[in-house]
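Novice: Model the following, please.
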Amino acid sequence: MSRYTVSQLSRLAGVSVRTLHHYDHIGLLRPAVTGDNGYRYYGTDELLRLQQILLHRELGLPLSRIARVLDAPGFDRLDTLRVQRRHLLAEAERYRALVTTIDRTITLLEGKSVMDAETLYQGFSPEKQAGYEDWLAERHGAAVRADIDRAKQAMAGLDQSAHMAELAAVESAIAQALRDGIEADDPRLDPLLNRHLDWVAASWGRRPDANAYAGLADIYRAHPDFRARYDALAPGLADYLPDAMEAFALRVLIG
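Specialist: Modelled structure (predicted):
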């Protein structure tokens, strides 16, 4: 049976040695054996368990919940993989719909077509929105639901077509700044970030302060759906936009 050291598994799975040490420390992924030399060695079972950990992380589960799932009595790796496969296929279809929606919006903003309002929202689902709300409540506490309810009321009073078109225009311009090599903390981004801040204020029903705007940046950076959405607009935008928002919050909203 093949055995892998921490370094070998790190390269194989694309995770850091530090992450593997952390998983060992919290009991999430123990090595099969520890040699007399102190080296950790991982076998087939550990490789399959790490795959499950990484799949669950991709699906947005926190480490504490992953541990409960994997260690639950009756856990069946094969059945779980089948369920995850169905989920990922459904998500792939939804992402394809979102990419198509983005492409259509870009074409609209370039003046090359006319779009029906409904096509701005293809790929977004009520179930996914509920999932975002649960994720926010889990991450930031149940009190965040009051903010979510206020934001829903604010959104209900907006011209949705114009509101989403403005977001698409701002995001497209920020993506172009990334492609042009403008640094995330460059003040030349301030007009665009002011527009983005105005868009967020309209969506939330209140104007975010520096902490709230930086907190939104953390959400963009942390949630896999947002990362996929922004990197579909421009490779690297999933980190560039949150970095720019945080720099703007420090430079303008505090300063």
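Novice: Name the nearest residue to F226, ignoring sequence neighbours.
Specialist: Among residues not flanking F226 along the chain, Y220 sits closest, at 4.7 Å (CB to CB, 6 or more residues apart in numbering). For every residue, glycine as well, the C-beta is placed using N, CA and C.
Novice: residues touching the one you found, list them.
Specialist: Applying CB atoms under 8 Å, 6 or more residues apart in numbering to Y220 gives the contacts F226, R227, Y230, A238, L241, P242, M245.
Novice: One more pass at 7 Å, please.
Specialist: Taking CB atoms under 7 Å, 6 or more residues apart in numbering, we find Y220 in contact with F226, Y230, L241, P242.
Novice: cool, and R221?
Specialist: Each residue near R221 by CB under 7 Å, 6+ apart is listed here: A238, D239, P242.
Novice: if you look at these, which of them are in strands?
Specialist: Nothing among those maps onto strands, per DSSP state E.
Novice: List buried residues within these.
Specialist: The neighbour-count criterion (16 or more other CB atoms under 10 Å) marks A238, P242 among the contacts of R221 as buried.
Novice: Please convert the contacts of R221 to CSV, extending it with distance to D180 and pLDDT.
Specialist: CSV is the format used below for those (distance: CB to CB, whole Å; pLDDT from 0 to 100):
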residue, distance to D180, pLDDT
A238, 18, 89
D239, 16, 91
P242, 19, 88
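Novice: Could you single out the nearest of the contacts of R221 to V83?
Specialist: Nearest to V83 among the contacts of R221: A238, at 26.6 Å, using CB to CB.
Novice: wouldn't the closest one be in contact with Y230 here?
Specialist: Yes. Contact status for A238 versus Y230: in contact at 4.2 Å, counting by CB atoms under 7 Å.
Novice: what about L78, how many residues close to it?
Specialist: Close neighbours of L78, defined as other CB atoms under 10 Å, add up to 7.
Novice: pLDDT of the one helix or strand it maps to, averaged?
Specialist: Element membership for L78 (DSSP states H and E) is helix 77-109. Mean per-residue pLDDT for helix 77-109: 75.
Novice: list the helices and strands that helix packs on?
Specialist: The contact analysis (3 or more CB pairs under 7 Å, 6 or more residues apart in numbering; DSSP states H and E) places helix 77-109 against helix 44-58, helix 160-179, helix 224-233.
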